[in-house]
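[1] quick one, structure for this:
(chains A and B, ligands or ions: 2)
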Amino acid sequence: MNDQTVSEARLGSILATAVDGIIVIDDKMNVLVFNAACERLFGYYATEVIGRNVKVLMPEGYASQHDDYVRNYMRTGEKKIIGIGREVSARHKDGTVIPIELSVGEAATTPGRQFVGILRDLRPRKAVERRVSQLQAQLVHLARVSAMDEMGAAIAHELNQPLTAVMLYLQAAERSLKKLNGDSPHDPAIANLLQKGLREADRASSIIQRMRNFVERREPERRWIDIVNLIDDSVDLTLLGANANTVRVRRRYEESLPDVEADPVQIQQILVNVLRNAVEASRGAREPWLAVSTAFTGSSVTVSVEDSGPGIPSEVMPTLFKAFSTGKRTGMGLGLAISRTIAQNHGGDLTVDPGGNGRGATFILTLPAKADAPRRAD
Amino acid sequence: MAVFVIEDDEAVRDALVILLSQFGHQVSGYPDAESFLTDVLPGEDDVVLIDLGLPGLPGNQLLRWLNALAAPPRVVVISGQSQSAILDAMRDFSAVPVLRKPLTVGSLSAVL
Ligand SMILES: Nc1ncnc2c1ncn2[C@@H]1O[C@H](COP(=O)(O)OP(=O)(O)OP(=O)(O)O)[C@@H](O)[C@H]1O
Ligand SMILES: [Mg+2]
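    Ligands and ions are numbered 1, 2, ... in the order given. Reported below is the predicted structural model:
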């Protein structure tokens, strides 16, 4: 074997084993090399492609522009892709359009200029991106469904008071009437009306009962959880959602925090609500940031979220945690109302330092930690 | 027998006082635990109806206080809160009857 054949053999084995697709074309855009990874990616055998214009591997739009690109480059030397690499679309033999990352290098050889393209299939990455956005949608849905639950519970609670009063008043009236008239009422019409009123109040009460049963079917879950993990997950989820990668997050966690007994999904909901508000409030800041910190006070664990927004105006404070109070055009005004309910159902609370005068708001989630709770060993 | 109603919702308190009076009891109502405690000391034969969600001293704290008396009165808890919140608040008082709102005459007279 002479040197020429040895190096050709080596090149051949590199081309055959390369994970990325490798294509070499000449200055007439005819394919010279089409490696094994390309055969898998495009569904063509090398023999079907070699010698043909590389356009067969491109979808319609690209194909027609490609000639112009290359001609322009040859004339002006202006680089659109060479040495840069970018995301483009390729076309499989069966017509499927495939997202790929393409980087192109140039080589001057004796027969003329040649271009080497390295291609990477982006579909696995796209699948991950899709999965992430699916997860997000799920999270939003989850938050809304459980918002409905919490709303149901809140409405049931609010209606219960007046309804209780109505039923007791009607029953009292009925008894008074009986006492007044003995067993044979002078005016059966009034007794009849009271009966009907009571029956309807009963009906309303059974509707509330059903609503409550529906909500309470979901048993609250309680287990010992490490809140720091939950915080990190919630921060990731929030930043992911708001394409908020411009927001800097500062974390200051206490060395060893005891676990808290809680429903992880619900606590995460509180954290995401508060963090999302913080990101939204910081939107106008020149360098948006938020700070998350934890502390242990001996009887409870606190999580504080401070932001770089304008703070909360004092006239908003009285209704801040009320359902349907929102300062946003697309807000439901449920986030904080639900979050506080959840915190209180856990025996904790959600409070706020409104900030203002250049300071952002700080929301503080408190959850009880048993004094003898197992402290995390670090 | 005296009945004391500790309930912050005015209409519920008023309706309870009227209805229970019709049963022939001596009934008085209070909007919170503090005003009740400064007004009377209930005796062994009395009944105290406590709403769990009171402003100020919570219902279960009042219950704890009453139970610690030398001759504690009978206590009935009423609540419009969720089952889990009730269970949470009543963790230490499994023997105390709890009536969930909306209340009815039937459920009331059953426990009185
Ligand atoms: N960190 C914050 N800084 C300034 N204002 C805030 C902050 N958090 C909440 N707010 C104000 O409180 C209002 C209520 O917040 P809440 O989370 O309850 O509802 P929302 O964000 O408007 O809607 P959603 O139901 O989608 O969460 C917000 O609309 C906003 O005006
Ligand atoms: Mg919100």
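
[2] when you work out contacts or count neighbours from here on, use the C-alpha atoms and nothing else.
    Fine.

[3] the lowest-mean-pLDDT helix or strand in chain A - contacts with which helices or strands?
    The weakest-scoring helix or strand in chain A, judged by mean pLDDT, DSSP states H and E, is helix A:3-17 (a mean of 74). Under the contact criterion of 3 or more C-alpha pairs under 8 Å, 6 or more residues apart in numbering or on different chains; DSSP states H and E, helix A:3-17 touches helix A:36-42.

[4] any idea whether residue B:16 is helix, strand or coil?
    Taking DSSP: H, G, I helix; E, B strand; the rest coil as the rule, one finds residue B:16 in the helix state.

[5] shaky segments in the stretch 201-350 of chain A?
    Along the stretch 201-350 of chain A, segments meeting pLDDT under 70 span A:214-220, A:241-245.

[6] what segments of the stretch 51-200 of chain A are helices?
    Assigned by DSSP state H, counting those that start in this stretch, the helices in the stretch 51-200 of chain A fall at A:60-76, A:123-181, A:188-216.

[7] now do chain B
    Using DSSP state H, the helices of chain B run over B:10-22, B:33-39, B:59-67, B:83-89, B:105-111.

[8] which strands and helices sit next to whichever helix or strand comes after the least confident helix or strand of chain A?
    Proceeding N to C from helix A:3-17, the next assigned helix or strand is strand A:21-26, under DSSP states H and E. For strand A:21-26, the elements it packs on are strand A:31-34, helix A:36-42, strand A:112-121, judged by 3+ C-alpha pairs under 8 Å, 6+ apart.

[9] before we move on, back to that, what residues sit buried inside the least confident helix or strand of chain A?
    Under the neighbour-count criterion of 16 or more other C-alpha atoms under 10 Å in any protein chain shown, helix A:3-17 has A:15, A:16 buried.

[10] now do that helix: everything it contacts.
    The contact list for helix A:3-17 (C-alpha atoms under 8 Å, 6 or more residues apart in numbering or on different chains) reads A:22, A:35, A:36, A:37.

[11] now render these as CSV, adding neighbour count.
    Listed next are the contacts of helix A:3-17 as CSV, based on neighbours: other C-alpha atoms under 10 Å in any protein chain shown:
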residue, neighbour count
A:22, 23
A:35, 23
A:36, 20
A:37, 21
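
[12] filter those by proximity to ligand 2?
    Near ligand 2, taking C-alpha under 5 Å from the ion as the test, no member of the contacts of helix A:3-17 is found.

[13] widest-spaced pair of these?
    A:22 and A:36 (8.4 Å; C-alpha to C-alpha).

[14] convert the least confident helix or strand of chain A to CSV, retaining C-alpha atoms only.
    Provided in CSV are the C-alpha atoms of helix A:3-17 (Å, rounded to 0.1, in the frame of the first residue of the first chain):
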residue,chain,number,x,y,z
ASP,A,3,0.8,6.5,1.5
GLN,A,4,-2.1,7.7,-0.6
THR,A,5,-4.1,4.6,0.0
VAL,A,6,-3.3,4.4,3.7
SER,A,7,-4.6,7.9,4.3
GLU,A,8,-7.7,7.3,2.1
ALA,A,9,-8.4,4.2,4.2
ARG,A,10,-8.1,6.1,7.4
LEU,A,11,-10.4,8.9,6.1
GLY,A,12,-12.8,6.2,5.0
SER,A,13,-13.0,4.7,8.5
ILE,A,14,-13.4,8.1,10.1
LEU,A,15,-16.3,8.9,7.8
ALA,A,16,-17.9,5.6,8.4
THR,A,17,-17.7,5.8,12.2
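
[15] tell me the gap between that helix and the middle of its chain.
    Offset of helix A:3-17 from its chain centre (C-alpha atoms, centre = their mean, to the nearest Å): 49 Å.

[16] now stretch A:248-256
    When C-alpha coordinates are averaged (C-alpha atoms, centre = their mean), stretch A:248-256 and its chain have centres 22 Å apart.

[17] from chain A, which residue is nearest to ligand 2?
    Closest contact between chain A and ligand 2, by C-alpha to the ion, is at residue A:335 (4.4 Å).

[18] chain B now?
    For chain B, the residue closest to ligand 2 is residue B:82, as judged by C-alpha to the ion, at 23.8 Å.

[19] what's the closest non-adjacent residue to that residue?
    Leaving aside its sequence neighbours, residue B:82 sits nearest to residue A:153 (C-alpha to C-alpha, 6 or more residues apart in numbering or on different chains; 7.0 Å).

[20] and for residue A:305?
    Residue A:305's closest residue in space is residue A:292 (C-alpha to C-alpha, 6+ apart), at 4.7 Å.

[21] is it true that the one you found touches residue A:278?
    No: between residue A:292 and residue A:278 there is no contact under C-alpha atoms under 8 Å: 10.5 Å.
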